[in-house]
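Chemist: Any chance you could fold what I've pasted below:
(one chain, ligands or ions: 2)
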Amino acid sequence: MNKLDTALVTAALKDAGFALTEHVKEANIVLINTCSVREHAEQRVFSHLGHLKHIKKQKPDLIVGVIGCMAQRLGQNLLENDAVDIVCGPGQIPHLTELIQATVAKNEGQVSVADNIRKADNNPELEDFESVQTIADRDIPGQAFVRVMRGCDNFCAYCIVPYVRGPEVSRPVNNIVEQVNRLADEGVKLVTLLGQAVNKYKYTAGEKTYTLADLLYKVSDIQGIEWIRFVTSYPQKEGFAELMQAMADLPKACNYLHMPTQSGSDKILKAMNRRYTARQYLGLLDTARQIVPDIAIASDFIVGFPDESDEDFEQTVDLVKDAQYKNCFVFKYSPRPGTAADEKLLDNIPTEVKKQRNYKLLEMQESISVALAAGFEGKRVNVLVEGLSKKPHLNCADSGGNPQLVGRTADDWIVVFNGPVSLAGQFSKVKITKISPLTLFGELI
Ligand code: 5AD
Ligand code: SF4
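Modeler: Ligands and ions are numbered 1, 2, ... in the order given. The predicted structure follows:
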């Protein structure tokens with residue numbers, strides 16, 4: 001979501017005549033797009049601001065803006081930080097150019113955030129701003145994110161998102177389809193449809209109410225688009241079988257589901273205000289695998305939620321064993337001000353215990369990922385090539401001076417192989433020769 005907002009802001013500022021630089025020292029304006037989901041993310045922003053304060057001493061005209069969720073959360077208070085000139089919430093990004101102009105003209109700090117974020121559900125300016133943009137990924141050729149929903153109404157007890165991104169709003173079907181059409185014209189092959197609980201997508205136009213499954217059929221009709229993914233799914237029965245059926249029916253819909261579980265303990269799930277039990281969650285995975293037998297499933301977990309006992313945690317480990325995920329993201333619980341968990345519950349699990357549980361859960365997942373990856377050895381896979389591999393892998397056989405490339409399969413396995421860099425943005429066939437828990441290695445066919 002944040003990557004997309006960064007791309008939207010970059011495109012809008014370019015239209016307004018600004019140019020992008022990768023180097024802080026060259027910049028006249030520095031914008032930091034922020035995340036509030038865990039405290040650690042916010043601490044990193046404050047450390048960047050400390051650095052920028054230093055640069056400002058030599059360059060007093062430098063303008064620094066904080067945009068995104070942290071701007072919405074802290075508002076005016078952020079201006080108290082010496083480095084900050086502009087504070088702009090995620091719903092106010094259409095006004096960023098004016099905020100920059102006002103900062104220069106008036107030589108004073110500017111704040112634009114929603115006054116009552118939970119009432120900010122009708123933001124036609126944001127829809128207009130967003131729907132005119134055609135933004136392919138700057139870093140990865142041939143790929144793009146397209147938001148289909150804004151905000152969230154789920155109020156999971158630990159989560160800041162409903163308080164900084166506002167109420168759930170589904171974007172008009174036509175705007176989404178038009179946008180994907182333009183992306184396809186620009187050579188985009190993979191679109192990833194985005195929403196905090198993307199499977200809750202619902203948009204009524206005339207007589208018809210469109211669901212995410214309907215949207216998949218529509219986007220699938222667009223020539224040039226080869227792969228479609230959607231993230232992130234909320235574990236709910238409503239519309240789930242239909243969504244999986246759309247995945248089975250549509251060759252372009254990647255067999256990949258990211259559906260965070262958060263915990264395997266019913267006691268903790270209840271305290272988290274997640275509206276399912278561990279058994280119901282596993283039931284959804286059964287449905288998914290009945291309809292799409294080779295589906296790859298990924299999940300998120302929070303360890304060390306208030307009152308999580310050893311027994312609760314063991315239930316999470318057991319669930320991970322049963323679920324056979326392709327991969328999991330594990331986070332240590334971080335209390336967020338204003339959320340129900342922070343107001344009503346004590347953060348009573350020691351940091352050391354959170355760390356151990358985090359490690360143990362990842363270790364369990366790693367053994368599962370290795371076993372799943374082993375199934376790829378000797379197989380041929382189709383990958384969409386992203387570009388040069390960031391770090392050199394020793395596992396990769398050299399094929400005559402070609403650099404190491406990285407790509408992904410439709411079901412999101414990372415594949416590293418040697419090949420010409422001109423393949424970036426193209427599909428390639430690769431034979432898998434070696435594996436590791438998260439990465440497959442192979443040779444270009
Ligand atoms: N503490 C730790 N992890 C969190 N997440 C969301 N809020 C918190 C929090 N307060 C995790 C959830 C979510 C992912 C994006 O971040 O696992 O799925
Ligand atoms: Fe946060 Fe829950 Fe909404 Fe996900 S579904 S964004 S965890 S409130």
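
Chemist: neighbours of Gln110, just the number please.
Modeler: Gln110 has 20 neighbouring residues, counting by other Cβ atoms under 10 Å. For glycine as for every other residue, the C-beta is placed from the backbone atoms N, C-alpha and C.

Chemist: For it, give me its contacts.
Modeler: For Gln110, the contact set (Cβ atoms under 8 Å, 6 or more residues apart in numbering) comprises Asp85, Ile86, Val87, Cys88, Leu99, Ala102, Thr103.

Chemist: Mind doing that once more with 10 Å?
Modeler: 63, 65, 79, 85-88, 95-96, 98-103 (Cβ atoms under 10 Å, 6 or more residues apart in numbering).

Chemist: among these, which ones are buried?
Modeler: When neighbours are counted using 16 or more other Cβ atoms under 10 Å, the contacts of Gln110 contain these buried positions: 63, 65, 79, 85-88, 95-96, 99-100, 102-103.

Chemist: how about the residues of this structure that lie near ligand 1?
Modeler: When proximity is defined by Cβ under 6 Å from any ligand atom, the chain lies next to ligand 1 at Val37, Arg38, Tyr158, Cys159, Pro260, Gln262, Asp300, Ile302, Phe331, Tyr333, Ser334, Arg336.

Chemist: May I have the predicted confidence score for the closest residue to the last one other than its chain neighbours?
Modeler: In space, and not counting its chain neighbours, Arg336 is closest to Ile160: 4.2 Å by Cβ to Cβ, 6 or more residues apart in numbering. Residue-level confidence at Ile160 comes out at 98, pLDDT.

Chemist: residue in the stretch 101-250 of the chain nearest to ligand 1?
Modeler: Tyr158 (4.0 Å; Cβ to the nearest ligand atom).

Chemist: Now do that residue against Glu314, distance only.
Modeler: Using Cβ to Cβ, to the nearest Å, we find Tyr158 at a distance of 20 Å from Glu314.

Chemist: Those two: who's more crowded?
Modeler: Neighbour count, other Cβ under 10 Å: between Tyr158 and Glu314, Tyr158 has more, with 24 against 14.

Chemist: ok, for that one, nearest residue in space, not its chain neighbours?
Modeler: Here the residue nearest Tyr158, using Cβ to Cβ, 6+ apart, is Ala341, at 4.5 Å.

Chemist: how about the helix or strand encompassing that neighbour, does it reach ligand 2?
Modeler: Here Ala341, judged by DSSP states H and E, is contained in helix 340-344. No. Counting by Cβ under 6 Å from any ligand atom, ligand 2 is not contacted by helix 340-344; separation bottoms out at 10.3 Å.

Chemist: go on, stretch 148-164?
Modeler: Yes. Looking at stretch 148-164 against ligand 2 by Cβ under 6 Å from any ligand atom, the contacts come from Cys152, Asn154, Phe155, Cys156, Cys159, Val161, Pro162.

Chemist: Please report the number of neighbouring residues for the spatially closest residue to the fifth one that is not a sequence neighbour.
Modeler: Leaving out its chain neighbours, the residue that sits closest to Cys159 by Cβ to Cβ, 6+ apart is Thr339, at 6.3 Å. Thr339: 20 surrounding residues under other Cβ under 10 Å.

Chemist: Identify each buried residue in the longest helix along the chain, please.
Modeler: Ranked by residue count under DSSP state H, the longest helix found in the chain is helix 351-374. Across helix 351-374, burial judged by 16+ other Cβ under 10 Å covers 353-354, 357-358, 360-362, 364-365, 368-369, 372-373.

Chemist: cool, stretch 310-322 as well?
Modeler: Asp312, Phe313, Gln315, Thr316, Val317, Leu319, Val320.

Chemist: if I pick the closest residue to the fourth one other than its chain neighbours, what's in contact with it?
Modeler: Meaning Thr316. Once flanking residues are discounted, Thr316 sits nearest to Gly264: 3.7 Å by Cβ to Cβ, 6+ apart. For Gly264, the residues meeting the contact criterion (Cβ under 10 Å, 6+ apart) are 277-278, 281-282, 301, 312-323, 361.
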